[in-house]
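Chemist: Coordinates only, no sequence provided:
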Ligand code: KG4
Ligand code: ZN
């Protein structure tokens, strides 16, 4: 079974093709086009610019992905009027994507792809629609089923992604129930997972997401965007005990988080300090990172104990953070719970994770046709 994954929920345009055989998988291609340079001057993602870039980049990335997977074969052909009208209707709001689609896709022999998986949400609505409509048009043209995937479920399954064929015994090294700590630019969630498609959200952030806090603090320190990688780099040479930042909600019994207060504490410290030298910046980064990691790890470990989980999965863009990976692994070992984080090349947004999540969803969903394909910017975890 070959699955095409499409991801456009934020500022990464991504297409991947994943093959699943005898319950093991191989990534045939995994192309990610990052828009970091475009959004960087604004210190965060600008939705309209993200959507414009998706329109421009989807087709070239799609073709590159097919070529890499050796599924790209050309033919001579143009669309008939009926097909052309239908495609134009699908891309009503994405004229550049429509133009690129009509120019390139008629020339491609429909590849051996069994399923088209796309991110339906959560994410930026105007960005999501590009991926949704791209999936819709391909599904119509190639008569292949399209399956909507929750972006955060994709992050969870990034834990199982490996570059080469993953043999079933390797996949089995985790056991349900899993406790997922999903930390990204838009989300901070603790999600219990009892089986594929069986979830219970037990906690989330009440204000800023963990990645968002990294991005905002980096902006205050004028370090650039995205903040996570830069802050962790600066933190490597800083003293995590230099500043005693608050650990918001760490002692509260619930599993929610709050990072806005921590960000504000950094803001007031900067006001007091005035001019900053490199050493102070490094110390602020190290102390801030330490505070974020303490809260995330402490609550995750407590929840793992209370709900008696067998495995902890860390995922989302912030899961690239070395200190977080190290601390969580150490603490999980202490309570005898298996621990996993994604390989570093799969921590950020990508489409391979969407394709792999679709494989598990498909096995549960069978061939039930999804009638309405739409963007769901506020999509919650739903059981299937
Ligand atoms: O999952 P992701 O790529 O996109 C969203 O779905 O939001 O996450 C992006 C977030 C950004 O806020 C970025 O600053 C953060 O992940 N991030 C990190 C690190 N690398 C990326 N945060 C902390 N440490 C890192 N090494
Ligand atoms: Zn993400």
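Modeler: Now that the structure is in, tell me what you want to look at. None of the values given here were measured: they were computed from a predicted structure. Ligands and ions are numbered 1, 2, ... in the order given.
Chemist: Now whichever strand or helix holds residue 233: buried residues?
Modeler: Using DSSP states H and E, the element containing residue 233 is helix 227-236. For helix 227-236, the neighbour count (16 or more other Cβ atoms under 10 Å) marks 227-232, 234-235 as buried. For glycine as for every other residue, the C-beta is placed from the backbone atoms N, C-alpha and C.
Chemist: how about the residues of this protein that lie near ligand 1?
Modeler: With Cβ under 6 Å from any ligand atom as the criterion, the chain meets ligand 1 at residues 10, 184-186, 211-212, 214-215, 226-229, 232, 316-318, 320-321, 348-349.
Chemist: now with 8 Å?
Modeler: Residues of the chain lying near ligand 1 by Cβ under 8 Å from any ligand atom: 9-12, 123, 151, 155, 183-187, 209-212, 214-215, 218, 225-229, 231-232, 289, 292, 316-322, 324, 347-349.
Chemist: can you pull the buried residues of stretch 240-252?
Modeler: For stretch 240-252, the buried set under the neighbour-count rule, 16+ other Cβ under 10 Å, comprises 240, 242-243, 245, 247-249.
Chemist: so for the longest helix along the chain, what's the average pLDDT?
Modeler: In the chain, assigned by DSSP state H, the helix with the most residues is helix 278-306. Here helix 278-306 scores 98 as its mean pLDDT.
Chemist: so what does it touch, helix or strand wise?
Modeler: strand 178-183, strand 188-195, strand 198-204, helix 210-220, helix 227-236, helix 260-273, helix 322-334 (3 or more Cβ pairs under 8 Å, 6 or more residues apart in numbering; DSSP states H and E).
Chemist: And that helix, what's buried?
Modeler: 280-304.
Chemist: After that helix, which helix or strand is next? Please name it.
Modeler: strand 311-315.
Chemist: now what about that following strand, what contacts it?
Modeler: Outside strand 311-315, the residues that touch it by Cβ atoms under 8 Å, 6 or more residues apart in numbering are 155-156, 158-159, 174-183, 193, 300, 304, 324-325, 328, 332, 337-342, 347.
Chemist: same thing but at 7 Å, please
Modeler: 155-156, 158-159, 174-175, 178-182, 300, 304, 325, 328, 332, 337-342 (Cβ atoms under 7 Å, 6 or more residues apart in numbering).
Chemist: Return the set of buried residues in stretch 31-51.
Modeler: 31-33, 35, 39, 43, 45-46, 50-51.
Chemist: ugh, wrong one, stretch 59-71
Modeler: Buried residues in stretch 59-71 (16+ other Cβ under 10 Å): 59, 61-63, 65-66, 68-69, 71.
Chemist: What average pLDDT does it get?
Modeler: Across stretch 59-71, pLDDT averages out at 98.
Chemist: returning to that earlier point: specify which member of the buried residues of helix 227-236 is nearest to residue 357.
Modeler: residue 228 (22.9 Å; Cβ to Cβ).
Chemist: got a pLDDT number for that closest one?
Modeler: For residue 228, the pLDDT comes out at 97.
Chemist: May I ask you to confirm that it is in contact with residue 214?
Modeler: Yes. If you go by Cβ atoms under 7 Å, residue 228 and residue 214 touch, sitting 4.2 Å apart.
Chemist: Need the residues touching each of the two.
Modeler: Contacts common to residue 228 and residue 214, judged by Cβ under 7 Å, 6+ apart, are residue 318.
Chemist: one step back: may I see the buried residues of stretch 240-252 arranged in CSV, with secondary structure and pLDDT as well?
Modeler: As requested, those are arranged in CSV below (DSSP: H, G, I helix; E, B strand; the rest coil; pLDDT from 0 to 100):
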residue, secondary structure, pLDDT
240, coil, 98
242, coil, 98
243, coil, 98
245, coil, 98
247, coil, 97
248, coil, 95
249, coil, 97
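Chemist: Max pairwise distance over the residues you listed: which two?
Modeler: Spanning the widest gap among these are 242 and 249, at 22.8 Å by Cβ to Cβ.
Chemist: wait, doesn't residue 140 sit right on residue 86?
Modeler: Yes. With contacts counted by Cβ under 7 Å, residue 140 reaches residue 86, the gap being 6.2 Å.
Chemist: Quick check: the residue of the stretch 151-300 of the chain nearest ligand 1.
Modeler: Across the stretch 151-300 of the chain, no residue is closer to ligand 1 than residue 228, which sits at 1.9 Å (Cβ to the nearest ligand atom).
Chemist: what sits against that residue?
Modeler: 211, 214, 317-318, 320-321.
Chemist: any idea how far it lies from residue 43?
Modeler: Using Cβ to Cβ, to the nearest Å, residue 228 is found at 13 Å from residue 43.
Chemist: same question, residue 105
Modeler: 36 Å.
Chemist: Go through the helices and strands packed on helix 278-306 and pick out the most buried.
Modeler: strand 178-183 (a mean of 27; mean count of other Cβ atoms under 10 Å).
Chemist: what's the angle from that one to helix 278-306?
Modeler: Strand 178-183 runs at 160 degrees relative to helix 278-306, counting by axes from the mean of the first three to the mean of the last three Cα atoms, to 10 degrees.
Chemist: Sweet, I'm off.
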